[in-house]
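S.K.: A structural model of the following input is requested.
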Amino acid sequence: MILAGRLTGTLDGRPVVIDADASGLEISAPSLQTAWAMKRQATAVMPLLDLVRRAGIPLRVKFAGLMSVQVLPRPSLVARIFLPRLA
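M.R.: I've put the predicted structure just below:
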C-alpha cells in the first residue's frame, strides 16, 4: 500500500501542507514563523509521530521552501535539537 495525496490546512493561522507519496510524508511550513509554531505544538502530536515511526513511514519537514529536515526514521541533528524526544 502506498500513501498518496495532499492535505492543506493551517496551524495558528499559518498555512501548512502535508504531502504523501511513495517516499513518505512531507510537512511544508512556508515560513520560519510557521515552523516555530510547529515546534510549540510538538508535544501534542508526539503520539502521532510515534505511530508514524512504528509504521515505518519516512517523515520530512520542509522549511520556507529552503531546506528539508529528516524527522523519521532517523532524525537529523536539527530535528533532534528541536524535538529531543525523537533521539
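
S.K.: quick check: chain neighbours aside, which residue is closest to residue 73?
M.R.: In space, not counting the residues next to it along the chain, residue 73 is nearest to residue 58; the distance is 6.2 Å by Cβ to Cβ, 6 or more residues apart in numbering. All C-beta atoms are positioned from the backbone trio N, CA, C, and that covers glycine.

S.K.: count of neighbours near that neighbour?
M.R.: 15 (other Cβ atoms under 10 Å).

S.K.: and what of residue 24?
M.R.: Counted with other Cβ under 10 Å, residue 24 comes out at 18.

S.K.: phi and psi next, for it.
M.R.: The phi/psi pair for residue 24 (degrees, to the nearest 10) reads phi 130, psi -160.

S.K.: packing partners for the lowest-mean-pLDDT helix or strand in the chain?
M.R.: In the chain, no helix or strand scores lower on mean pLDDT, DSSP states H and E than helix 32-40, which sits at a mean of 79. With contacts taken as 3 or more Cβ pairs under 8 Å, 6 or more residues apart in numbering; DSSP states H and E, helix 32-40 sits against strand 5-11, strand 14-21, strand 24-29, strand 59-63.

S.K.: wait, is residue 85 part of a helix?
M.R.: Yes: counting by DSSP: H, G, I helix; E, B strand; the rest coil, one finds residue 85 located in a helix.

S.K.: look up how far residue 79 lies from it.
M.R.: From residue 85 across to residue 79, the span is 10 Å (Cβ to Cβ, to the nearest Å).
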